[in-house]
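Student: Let me see the structure of the following:
(one chain, ligands or ions: 1)
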Amino acid sequence: MGGIEFLKGHGTQNDFVVLPDAPGALELTPERVAALCDRQRGLGADGVLRVVRSSALGEDVEVGAEWFMDYRNADGSVAEMCGNGVRVFARYLVEAGLETRGEFSVGTRAGDRPVQVHPDLSVTVEMGPARITGTSVAIVAGRELSGVAVDVGNPHLVSTMDDDVADLDLRDQPRFDHDVFPDGVNLEFVNLVEPGALRMRVHERGVGETRACGTGTVAAVAASLHLAGTDHGSSTVDVPGGRVSVTVDRAGSTLTGPAEFVARGELDAGWWGRLR
Ligand SMILES: N[C@@H](CCC[C@H](N)C(=O)O)C(=O)O
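Tutor: This is a model prediction of the structure:
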């Protein structure tokens, strides 16, 4: 019996299982996503990117793009957007011959995201506006860190700190204000290395600590500009998994970084079938 095609890829080591599913035929339950992403009993990943035709999605989302990135976190939850994932997704479309242009849009639950796949296979994504929505507090290992709340299509709280972010213990879920973030939040911890250069760690909603978060890097740059009294600028952001470049202005933002594939194969049909 034929299995289900998959690819494994990552963007700055934020890693994904890609499931090509043009007709929207896969039944992608939270249990199946969690099993796929489990690093012992599955393939292991921070999330799943289902590649589905927008017309076959069967969800009430407004998209004009032909292809939709159906993103799921490792715990099986659905999220609006994934900045590292959309780069991997765009590169998949080009390599699979599903997009013949170097510039096109990808549909997401946060709206269409225009992308450019460069000859060196890095990808630039127009990430939409990064909206500053207020302030709040994260508590990490008993320590209160104030932060700037930023909406990049998904929710973020960015705490800028003087101490080296490398020293934070992010093994446990940091606490946050559920009244401010009723749907949960991605938590970024940032050092300003020098103007135009940030260092960041992240604890993602629905995943835990990851080695990179694309929407998080955009939120980090927007928050650091906000704290400096401006709403536009650009910065590199170093994360444990590599480096990305971000620009932010009032109208929108861009994210540029790598997209890599490491494997492709077939899921075992029996294993998949036994999951509900
Ligand atoms: N890793 C992603 C963000 C994925 C979604 C996030 N965990 C959420 O629940 O909002 C990125 O690269 O942006």
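
Student: So in the chain, where's the weakest helix or strand by average pLDDT?
Tutor: helix 269-274 (a mean of 95; mean pLDDT, DSSP states H and E).

Student: For the protein, which residues are neighbours of the ligand?
Tutor: Within the chain, the positions adjacent to the ligand are 14, 47, 73, 79, 82-85, 154, 186, 204-207, 210, 213-215 by Cβ under 6 Å from any ligand atom. The way it works is simple: take the backbone N, C-alpha and C, and place the C-beta from them, glycine included.

Student: Flag the shaky bits of the chain, pLDDT-wise.
Tutor: 1-2 (pLDDT under 70).

Student: Show me which parts of stretch 6-15 are buried, residue by residue.
Tutor: 6-15 (16 or more other Cβ atoms under 10 Å).

Student: for stretch 153-168, same thing?
Tutor: 153-161, 165, 168.

Student: In strands, which of the residues you listed appear?
Tutor: In strands, defined here by DSSP state E, the members of the buried residues of stretch 153-168 are 155-160.

Student: Quickly check the residues you listed for the two that are furthest apart.
Tutor: Maximum pairwise distance in those, criterion Cβ to Cβ, is 17.4 Å, between Pro155 and Thr160.

Student: how about the helices in this protein?
Tutor: Using DSSP state H, the helices found in the chain span residues 30-37, 83-95, 214-227, 269-274.

Student: and the ones you listed, which is most packed in?
Tutor: helix 214-227 (a mean of 28; mean count of other Cβ atoms under 10 Å).

Student: tell me the angle of it relative to strand 155-160?
Tutor: 50 degrees (axes from the mean of the first three to the mean of the last three Cα atoms, to 10 degrees).

Student: so how far is helix 214-227 off the chain centroid?
Tutor: Chain-centre distance of helix 214-227: 14 Å, with Cα atoms, centre = their mean, to the nearest Å.

Student: what angle separates it from helix 83-95?
Tutor: 130 degrees.

Student: Quickly list what the residue nearest to Thr217 when sequence neighbours are not counted is bridged to.
Tutor: In space, and not counting its chain neighbours, Thr217 is closest to Val237: 4.1 Å by Cβ to Cβ, 6 or more residues apart in numbering. For Val237, the beta-bridge partners under DSSP bridges are Leu198, Val244.

Student: For Val237, the count of nearby residues, please.
Tutor: Per other Cβ atoms under 10 Å, the neighbour tally for Val237 reads 28.

Student: And the one 4 residues further on, by the same measure?
Tutor: Gly241 is surrounded by 19 other residues when neighbours are defined as other Cβ under 10 Å.
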